[in-house]
Each structure stands twice: as structure tokens, then as C-alpha cells.
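Compute the structure for the input listed below.
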Amino acid sequence: EPKRNTAFGSVGRRIPYRIVHVINQDGESLGNMHRADALKLMDQHNLKLVLLKENVEPPVYRLMTGQQIHEEQLRRAEKKKASPKTGMYFKELSFSSAIAKNDLETKAKQIGQWIDKKYHVKVTIRQAK
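Take a look at the predicted model:
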């Protein structure tokens with residue numbers, strides 16, 4: 001099954017792994033433990049389990065408060081906004097050589113806005129009959 005990009009947040013009681021590595025809310029490692037022990041620890045301390053690393057053996061989970069989860073989600077959202085967008089964006093505009101003056105000015109203004117937004121612009125002029 002393909003990997004899906006899951007949102008950062010509490011996994012609740014849905015832990016598909018029998019053995020997990022648990023980190024407490026202060027960042028200290030509690031070692032590897034059975035999924036039932038991790039859930040018991042979560043209930044005792046009134047915390048939530050959050051998946052940090054899935055591609056390691058055993059997967060790493062962290063006990064976090066709701067506030068810590070919220071702050072981490074905000075941090076990740078800011079990081080995503082700050083990262084450059086992948087791929088290039090192209091805009092293409094086509095018009096006739098017999099275009100009216102105000103239509104040409106409107107299209108020129110639109111091209112200027114696209115260039116300001118860092119788009120690559122391709123303009124095609126068709127010859128009028």
C-alpha cells in the first residue's frame with residue numbers, strides 16, 4: 001500500500017506495532033516497550049502518543065500534552081510556508097495581433113502580476129487576417 005502523508009498529531013489508541021520506542025514529554029528515552037504498556041503509560045500521565053519516526057525499527061512514539069502537539073503543528077506549518085515551492089509555475093497567454101489598445105493594456109497588467117508572483121510567462125501572438 002502506498003505511503004500516505006499523515007498529519008502530525010495524536011494517534012490515540014491506533015498503534016499498529018507491537019513493540020514501540022517511547023520518549024517522554026521531556027525528550028528522555030523510556031526505551032522499547034509493548035504497545036499495551038505504552039498505552040497504560042499514556043493513560044497514567046494523561047498524555048497523548050504521537051508518532052515521530054515510522055521508518056525505523058521499532059517505530060518511535062512520543063508522549064506529549066495537547067499544548068505540545070499544537071505548538072509542533074504550528075511550527076511545522078510555519079516551516080512549510082517558509083520552504084520554497086516545488087516545481088515551476090507557467091502561465092500562457094495568447095492573443096491576436098489585432099488586439100484593441102485597452103485589451104492589450106489589461107493583458108500587460110496581468111502579465112506583470114504573474115511575473116511579480118514568480119511565474120514563468122509564455123506569450124503567443126497570432127497574426128490577424
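
from here on, contacts and neighbour counts on C-alpha atoms
Fine.

partners of the nearest residue to A38 once chain neighbours are set aside in the sheet?
Using CA to CA, 6 or more residues apart in numbering and skipping the chain neighbours, the partner closest in space to A38 is V22 (7.2 Å). Beta-bridge partners of V22, counted by DSSP bridges, are G31, Y61.

Contacts only, for V22.
S29, L30, G31, N32, M33, A38, V60, Y61, R62, L63 (CA atoms under 8 Å, 6 or more residues apart in numbering).

check which helix or strand covers the residue nearest in space to the middle of the chain.
By CA atoms, centre = their mean, the mean C-alpha position of the chain lies nearest to K80, the distance being 5.9 Å. For K80, the element it lies in under DSSP states H and E is helix 66-82.

What's the mean pLDDT across that helix?
Taken as a whole, helix 66-82 has an average pLDDT of 83.

Remind me what it packs against, helices and strands.
Using 3 or more CA pairs under 8 Å, 6 or more residues apart in numbering; DSSP states H and E as the contact test, no helix or strand touches helix 66-82.

What is the neighbour count of D37?
13 (other CA atoms under 10 Å).

what's in contact with the one helix or strand it maps to?
Here D37, judged by DSSP H and E, is contained in helix 35-44. The contact list for helix 35-44, computed with CA under 8 Å, 6+ apart, reads R13, I15, Y17, R18, I19, V20, V22, K48, L49, L63.

repeat for stretch 53-60
Y17, I19, V20, H21, V22, I23, N32, L51, L52, Y61.

out of the residues you listed, which is most surrounded?
Per-residue neighbour counts (other CA under 10 Å) across the contacts of stretch 53-60 peak at V22, which has 27 neighbours.

From K80, how far out is it?
As judged by CA to CA, to the nearest Å, V22 and K80 stand 26 Å apart.

cool, and V56?
V56 is 24 Å from K80, by CA to CA.

now N102
40 Å.

Could you list the low-confidence segments of this protein?
1-10, 83-88 (pLDDT under 70).

domain ranges for this protein?
The chain breaks down into these structural domains: 19-82, 90-126 (assignment by the TED database).
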